[in-house]
Every structure is written in structure tokens, then in C-alpha cells.
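Peer 1: With the sequence up front, the predicted model follows.
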Amino acid sequence: MKQRLKRNLVVLTVLVFVGAAVYLNWRYAGELPGEDGGENVDKVLGESTLVNGEGDEGDTPAVQTDYFSAARLTRQQARDSALALLREAAEDEMAGEDAAAAASETIQVLAGYAIAEAQIENLVTARGYKDCVAFMGDGSISVVVDAGEDGLQPVDVARISEIVLTETDYTAEQIKVLEAS
């Protein structure tokens, strides 16, 4: 009984950490420096800057903030932290076999999430969207896309939802498709 409680506690703790990391990523990614239209373009960890050498006006280089790269980096860092905790739990001699099995099972789930997210992101961009990032969780999936100048239309949501339904076991009610602003 205690072993099952420990296993469930480890799994719950990891899921809380991953959920918190995804939430914090989402919360702070919408407030990147330079989005206010001003000249405030400070360096942010995970932010990409594209420089084309020619520039838009004379010798001024073109600069683009990349939400998607920052989101992927933050997601990967959160997952790496969770995996480190799970590996420690699985290798802990004080933990029972049930806790080690639960940690191993959660590691496999997180690996499955990573593979499915990458597959969904690749398929969405293959359908003509500029960029995409997916966040899978236990009960839902969120897909953030750059739909271009026309914005996210209902037909876009249907296309992306179809991809997610095909690649995962989620239901339509569990899928959230959002446009990056």
C-alpha cells in the first residue's frame, strides 16, 4: 500500500512540475521584450535573432523575435528536469519496485509526448503554416501556430485538430488550437 502511495506521489509531483513549467512558459512567452513596438529588444534566453546582413533600411539588420524557439526550449528544459527527478526516483535504492516502475512508466510517457509533439509540429508546418509548437499533457493538448497574415480561421483549426486526432488518442474536446500573437 505504501509503495503504491509513493509511486502515485512521485508521478503526481512530476506531472505538477511539468504542468507548472508549461504554464510559466505560456504565461511569460506572451510578454517577450520588444513586442510593445518600441525599441526595447533585450536578449532573452531562447530568443532567436535573425540577421540578414543587408537590413531593412541601409545597414540596419532585420530582427525577428521567435516565440516558437523559446517555447520549445522551455518545454525541453522542463522535461529534462522532470526526467532527472524520475531517474533519481527510479535509481533510488530506498524506493520500492513499485516506485521505480512508476518512474520508468512516467519516463516512457514523457518520451511518447516528445515524439508525438515533434510529429504534430512537423505535420502542421508541412500543411503550410509558418511555425507550430505543441504542448501535450495528461488530459489535453495545446497547439500554438503562426497562421500568417490572415490569422487563424475555423478551417485552420479543423485542419490542425484533424492532425492531432490522427496522431494521438485525444478527443476533439481535449484539443486547443491557438494563434501566436
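Peer 2: Done, it's in. Numbering: from 1, shown residues only.
Peer 1: would you list every one of the helices in the chain?
Peer 2: Listed in chain order, the helices of the chain (DSSP state H) span 2-29, 67-91, 97-126, 154-167.
Peer 1: other SSEs contacting the longest one?
Peer 2: Going back to what we said before, that points to helix 97-126. Counting contacts by 3 or more Cβ pairs under 8 Å, 6 or more residues apart in numbering; DSSP states H and E, helix 97-126 is packed against helix 2-29, helix 67-91, strand 131-136, strand 141-146, helix 154-167. Where you see a C-beta, it was placed from the backbone N, CA and C, and this is true even at glycine.
Peer 1: any idea of the mean pLDDT in stretch 88-98?
Peer 2: Average pLDDT, stretch 88-98: 78.
Peer 1: Only the buried residues of it, if you could.
Peer 2: Neighbour counts over stretch 88-98 (16 or more other Cβ atoms under 10 Å) mark 89, 90, 95, 98 as buried.
Peer 1: Figure out the length between the terminal residues of that stretch.
Peer 2: Taking Cα to Cα, to the nearest Å as the measure, stretch 88-98 stretches 14 Å from start to finish.
Peer 1: what's the burial count for residue 68?
Peer 2: The local packing of residue 68 (other Cβ atoms under 10 Å) involves 20 other residues.
Peer 1: Next one: it from residue 168, what distance?
Peer 2: Residue 68 sits at a distance of 20 Å from residue 168 (criterion: Cβ to Cβ, to the nearest Å).
Peer 1: Done for today, thanks.
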